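**Q** Next input, structure requested:
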Amino acid sequence: MPDYSVKKDDKIYVAGHRGLVGSAITQKLLEDGYARVIGRTHAELDLLNQREVVRFFEEERPDVVVLAAAKVGGIHANHTKPAEFAYENMQIQCNVIKAAHDFQAKKLLFLGSTCIYPRLAPQPIQESSLLTGPLEETNEAYAIAKIAGLEMCRFFKRQYGDDFISCMPANLYGPRDNYDLEGSHVLPAMIRRFHEAKADRRESVELWGTGTPLREFLYVDDMAAACVFLLEHYSGEQHVNIGTGQEVSIGKLAQLVKETVGYQGKIRWNASMPDGTPRKLTDVSKLNHMGWRHAIELEEGIRLAYEWFADNIDKARV
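**A** Reported below is the predicted structural model:
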């Protein structure tokens, strides 16, 4: 199939449309005038079930597929449930990508994660760093699954000419994030911990690690804008990094969240717990050269994320 730029009247299926990533992409597509955006809840469509996925594609015949559905979590969840992370993510990817090919979707966008890169990759990390060294052990299973997904898209493009593309967002945060402390990522976990500590008037908050690792954070609405941009402008075989090209230490991040929440107590670092990858900054020059750049800086993004959490705590995923 030839390279394809998504059209306003395309039927676009967003897999994982209720999650942090999928809901932001769905919202952006609708705002930009894509009126035929569809999604299915897990109760309506189990993406682990190949028969259900085939039946859905046979009935709906989407023109464009955005594969944002995944089993995700922070260091603790990844480290303690590697088999689940590997199996469920690879099963979802295999089912959706194969069905998109079989039912002749014109374009597919696969969303990965920057954890696909080697633990000690040269910084900032270029797309070409993939598979050049060992992965970070604490999220190895998830990373391997995501690598399999983006490579599968590349292989389908190479063998069949399918316009299946991939992108690798930096650490995401924003509205509708997961605030369950057993499975959440670092920033939403901090928001919840400081919010509860403030409400309970605790003297201190314990955070994992040393606070020294460096991370890059991307507000989810910026990620969504980049994904729509790629659907409209990109058909290359190589995956594309999505990020800000800016980094912050976990310690500085904790201070920013603490100040945003208005917590007055102390931070205690539990150095016996894992830090994860020492540094993870993406090289976003490829996407910038195409004409896209992020709009929301970290301090504003944290404020927006906390405002959403505080206003929706009764229905947030906690």
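
**Q** Strands along the stretch 101-250 of the chain, start to end?
**A** Per DSSP state E, counting those that start in this stretch, the stretch 101-250 of the chain carries strands over the ranges 107-111, 164-169, 171-173, 204-208, 214-215, 217-219, 240-242, 248-249.

**Q** Distance from the first one to the middle of the chain?
**A** It refers to strand 107-111. 13 Å (CA atoms, centre = their mean, to the nearest Å).

**Q** closest one to residue 126 among the strands of the stretch 101-250 of the chain?
**A** strand 240-242 (7.8 Å; CB to CB). Backbone N, C-alpha and C define where each C-beta goes, glycine included.

**Q** Residue 21 belongs to a helix, doesn't it?
**A** Yes - counting by DSSP: H, G, I helix; E, B strand; the rest coil, residue 21 is part of a helix.

**Q** I figured it hits residue 220, correct?
**A** Yes - under the criterion of CB atoms under 8 Å, residue 21 makes contact with residue 220 at 6.7 Å.

**Q** what's the overlap in contacts for those two?
**A** Shared contacts of residue 21 and residue 220 (CB atoms under 8 Å, 6 or more residues apart in numbering): residue 172.

**Q** For residue 78, give me phi and psi.
**A** phi -60, psi -40 (degrees, to the nearest 10).

**Q** that older thread, include distance to residue 98, mean pLDDT and mean neighbour count when you put the strands of the stretch 101-250 of the chain into JSON lines, please.
**A** Shown next, in JSON lines, are those (distance: least, CB to CB, whole Å; pLDDT from 0 to 100; neighbours: other CB atoms under 10 Å):
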{"stretch": "strand 107-111", "distance to residue 98": "11", "mean pLDDT": "98", "mean neighbour count": "26"}
{"stretch": "strand 164-169", "distance to residue 98": "11", "mean pLDDT": "97", "mean neighbour count": "24"}
{"stretch": "strand 171-173", "distance to residue 98": "26", "mean pLDDT": "93", "mean neighbour count": "22"}
{"stretch": "strand 204-208", "distance to residue 98": "38", "mean pLDDT": "95", "mean neighbour count": "17"}
{"stretch": "strand 214-215", "distance to residue 98": "34", "mean pLDDT": "94", "mean neighbour count": "19"}
{"stretch": "strand 217-219", "distance to residue 98": "29", "mean pLDDT": "97", "mean neighbour count": "24"}
{"stretch": "strand 240-242", "distance to residue 98": "23", "mean pLDDT": "98", "mean neighbour count": "26"}
{"stretch": "strand 248-249", "distance to residue 98": "39", "mean pLDDT": "97", "mean neighbour count": "16"}
